[in-house]
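In: sequence first, then the predicted structure, then my questions.
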Amino acid sequence: MTARTLTVGGATYPLVLPNVRDPRLHVAAVIITVHVLGQVGLHFWVSVPQILAAILTCAFLEVAITFRQTRSFVWPASAMLTGSGVALIHRVVGTPPGDPWSTYAWYVFAIVAGLSLLSKYVIRYRGAHVFNPSNIGLVIAFIVLGSSRVEPLDFWWAPLNGWMLTAYAVIVVGGLLITRRLHLLALAATFLVALSAGLGIVAASGHCMTARWAFEPVCGFDYWRVIVTSPEVLIFLFFMITDPRTAPAGRVGRVVFGLLVALASTVLMAPQTNEFGTKVGLLAGLVAMCALRPLLDRVLPEPRSAADDLRRYATRLVIGDNARPGALRGAARVAMAIAAVFVLGVGIVAAGTPARGLVAPDTTELLAGVPHQIDPATLPTITADVEAWDETIAGPIAQDILVTLADNLEIENQALLRGDGSLLVAVDHGDRLREMQARLHDAQMSGQTVIAHYRFDTVHVILIAPFGVQTGGSIGLESRGTVTEETYDAQGALLDRRTSPFALTFAVRRPTGDRWLNVAVLPTK
């Protein structure tokens with residue numbers, strides 16, 4: 001680090017600037033590159049002001065705290081990493097999609113990032129912080145605020161195009177170079193292998209999860225593949241669990257730590273039926289193991305001691321401390337190790353049992369009290385692009401989908417008029433859910449509610465390949481007809497009514513395996 005001086009108000013203070021060899025700068029370069037790719041090519045659901053709010057809040061706090069402690073101005077390298085890490089993974093529901101300069105909920109990013117940073121000064125053990133700041137801050141934010149307000153970065157980012165290949169290359173190459181330099185490759189490899197094995201058991205047991213980007217529940221091999229190859233998991237692998245300040249210092253300790261984080265994350269992910277819970281479970285595994293790290297330091301070999309050798313430690317676990325154990329004793333220890341692995345596998349399967357078969361909550365009772373019956377006789381007979389979809393879609397199934405779409409649109413109206421966001425969750429998903437939640441919020445703030453009644457004249461069904469960059473395949477209903485927009489005041493009095501033609505494509509998907517949900521409304525080409 002290059003020390004200089006800075007004069008403020010007639011007083012001179014030391015000024016510590018960054019060193020180009022500082023690994024934190026290299027991590028920052030990778031994370032910022034991913035941010036840029038997210039804004040330019042991957043269209044991440046986060047804006048530049050939100051990112052800057054998180055980074056600058058952490059930087060300001062770190063400079064102020066460090067100055068108070070040392071009476072010097074120090075470049076806040078770690079703090080800016082915390083802020084950029086929070087901004088990379090944190091999302092706020094209602095953020096306008098496609099607007100990189102939106103200031104929506106910037107203060108949420110500032111608060112979450114600021115509290116994340118402060119955690120390393122408040123929660124300490126033997127003079128060092130216990131938790132990875134961005135990790136614990138994000139987990140607490142997701143648990144406290146819930147999925148209706150915030151959510152983590154998606155497991156699936158985009159189709160495997162040039163942008164995604166570049167993102168993978170940046171994360172993997174940068175991560176490998178940095179972890180190798182910090183002697184953390186063994187930790188990272190242990191975590192990835194153990195997590196892959198654990199999730200393989202979960203997937204093989206018939207586990208599924210719902211995701212906003214998936215056409216239907218993600219199950220079996222797809223569940224395993226999506227998570228294990230997820231760029232979010234790679235970021236967690238290379239830039240969270242391998243934080244040298246919160247990982248054990250010894251070689252044995254790091255391998256054991258990586259194994260236990262993978263185990264904790266797998267157990268916490270197993271009961272989850274949606275992507276939100278699964279992602280929070282992944283992140284929470286690190287929180288749990290960081291909390292137990294002081295105990296691990298007591299029972300594991302002293303770093304850089306003669307006992308801090310992986311081969312020696314593994315041998316000791318299998319055959320004990322005797323240099324020449326008896327064959328019977330050695331066989332007994334091997335049997336115990338096999339039994340422990342078996343029990344561990346059974347435990348993982350058991351952890352997922354309560355959620356198995358419950359991919360989505362039953363909304364029948366919720367929707368039963370809403371007047372939303374649609375007369376199928378008022379809807380047109382639809383046509384379908386059978387080359388892009390199964391021929392059966394042109395028959396009764398497609399007609400039922402249209403009925404459900406019309407029903408969902410009327411329930412959206414009821415949700416807006418009643419101010420009931422739970423109705424939106426029952427009929428919307430993904431981008432459409434966020435759009436309608438934002439409309440509900442705007443209606444509550446302005447006191448005026450605008451609803452739309454659609455009359456369909458023609459409908460043509462198509463298969464929509466992944467559109468947007470973070471959305472999976474959907475069924476599109478290319479529709480034409482008339483829409484009547486009605487505006488009501490806060491007391492429910494009609495203020496205005498207008499009717500006009502429309503040409504829109506309504507995208508629907510069955511991500512829960514049950515009801516078809518509205519996921520987007522696009523202009524018909």
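Out: Structure received. Numbers count the residues shown, from 1 in each chain.
In: CA only for contacts and neighbour counts going forward, please
Out: Fine.
In: how about residue 179, what does it touch?
Out: By CA atoms under 8 Å, 6 or more residues apart in numbering, the residues touching residue 179 are 185, 188, 238, 242.
In: what do you get if the cut-off is 7 Å, keeping everything else the same?
Out: 185, 238 (CA atoms under 7 Å, 6 or more residues apart in numbering).
In: that one and residue 187, how far apart?
Out: Separation of residue 179 from residue 187 (CA to CA, to the nearest Å): 9 Å.
In: after whatever helix or strand residue 121 lives in, which helix or strand is next?
Out: Residue 121 is part of helix 106-122 when elements are defined by DSSP states H and E. Following helix 106-122 in sequence order, the next helix or strand is strand 124-125 (DSSP H and E).
In: helix or strand with the lowest mean pLDDT in this protein?
Out: Ranking every helix and strand in the chain by mean pLDDT, DSSP states H and E puts helix 364-368 at the bottom, with a mean of 66.
In: helices and strands around whatever helix or strand comes next after that helix, which ones?
Out: Next helix or strand after helix 364-368 toward the C-terminus (DSSP H and E): strand 383-384. The contact analysis (3 or more CA pairs under 7 Å, 6 or more residues apart in numbering; DSSP states H and E) places strand 383-384 against strand 449-464.
In: now for the strand it packs on, which elements pack on it?
Out: When contacts are defined as 3+ CA pairs under 7 Å, 6+ apart, strand 449-464 sits against strand 383-384, helix 396-418, strand 474-488.
In: where does the chain have low pLDDT?
Out: 1-3, 215, 317-337, 340-342, 354-366, 368-369, 371-373, 385-396, 465-473, 512-513 (pLDDT under 70).
In: can you pull the contacts of residue 304?
Out: Listed by CA under 7 Å, 6+ apart, the contact partners of residue 304 are residue 250.
In: again, only this time at 10 Å
Out: Counting by CA atoms under 10 Å, 6 or more residues apart in numbering, residue 304 touches 249, 250, 251, 252.
In: sort out for me which of these are in helices.
Out: Using DSSP state H, the subset of these located in helices is 251, 252.
In: between residue 179 and residue 187, which contacts overlap?
Out: 237, 238, 242.
In: what about the closest residue to residue 219 other than its chain neighbours, how many neighbours?
Out: Leaving aside its chain neighbours, residue 219 sits nearest to residue 208 (4.2 Å; criterion: CA to CA, 6 or more residues apart in numbering). Residue 208 is flanked by 29 other residues according to other CA atoms under 10 Å.
In: which strands or helices does the stretch of helix or strand residue 135 belongs to pack on?
Out: According to DSSP H and E, residue 135 maps onto helix 133-145. Using 3 or more CA pairs under 10 Å, 6 or more residues apart in numbering; DSSP states H and E, the elements in contact with helix 133-145 are helix 77-89, strand 90-92, helix 106-122, strand 150-152, helix 275-299.
In: would you mind writing the CA trace of it as PDB?
Out: Extracted in PDB, the C-alpha atoms of helix 133-145 (Å, rounded to 0.1, in the frame of the first residue of the first chain):
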ATOM      1  CA  PRO A 133     -20.500  -9.200   5.700                       C
ATOM      2  CA  SER A 134     -22.500  -9.300   2.500                       C
ATOM      3  CA  ASN A 135     -23.500 -12.900   3.100                       C
ATOM      4  CA  ILE A 136     -25.100 -12.400   6.500                       C
ATOM      5  CA  GLY A 137     -26.600  -9.100   5.500                       C
ATOM      6  CA  LEU A 138     -28.300 -10.600   2.400                       C
ATOM      7  CA  VAL A 139     -29.600 -13.600   4.400                       C
ATOM      8  CA  ILE A 140     -31.100 -11.400   7.100                       C
ATOM      9  CA  ALA A 141     -32.700  -9.100   4.500                       C
ATOM     10  CA  PHE A 142     -34.300 -11.900   2.600                       C
ATOM     11  CA  ILE A 143     -35.700 -13.500   5.700                       C
ATOM     12  CA  VAL A 144     -37.000 -10.300   7.300                       C
ATOM     13  CA  LEU A 145     -38.400  -8.600   4.100                       C
END
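In: now the angle between helix 77-89 and it, please.
Out: Following axes from the mean of the first three to the mean of the last three CA atoms, to 10 degrees, one obtains 40 degrees for the angle between helix 133-145 and helix 77-89.
In: what's the distance between helix 133-145 and the middle of its chain?
Out: 12 Å (CA atoms, centre = their mean, to the nearest Å).
In: give the buried residues for that helix.
Out: Using 16 or more other CA atoms under 10 Å as the test for burial, helix 133-145 gives 133, 134, 135, 136, 137, 138, 139, 140, 141, 142.
In: closest to residue 97 among the residues you listed?
Out: The closest of those to residue 97 turns out to be residue 142 (CA to CA; 20.4 Å).
In: list the contacts of the closest one.
Out: 90, 91, 112, 148, 149, 150, 151, 152, 276, 277, 279, 280.
In: buried ones only from these, please, as a PyMOL command.
Out: With 16+ other CA under 10 Å as the criterion, this PyMOL line picks the buried residues out of these:
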select buried, resi 90+91+112+148+150+151+152+276+277+279+280
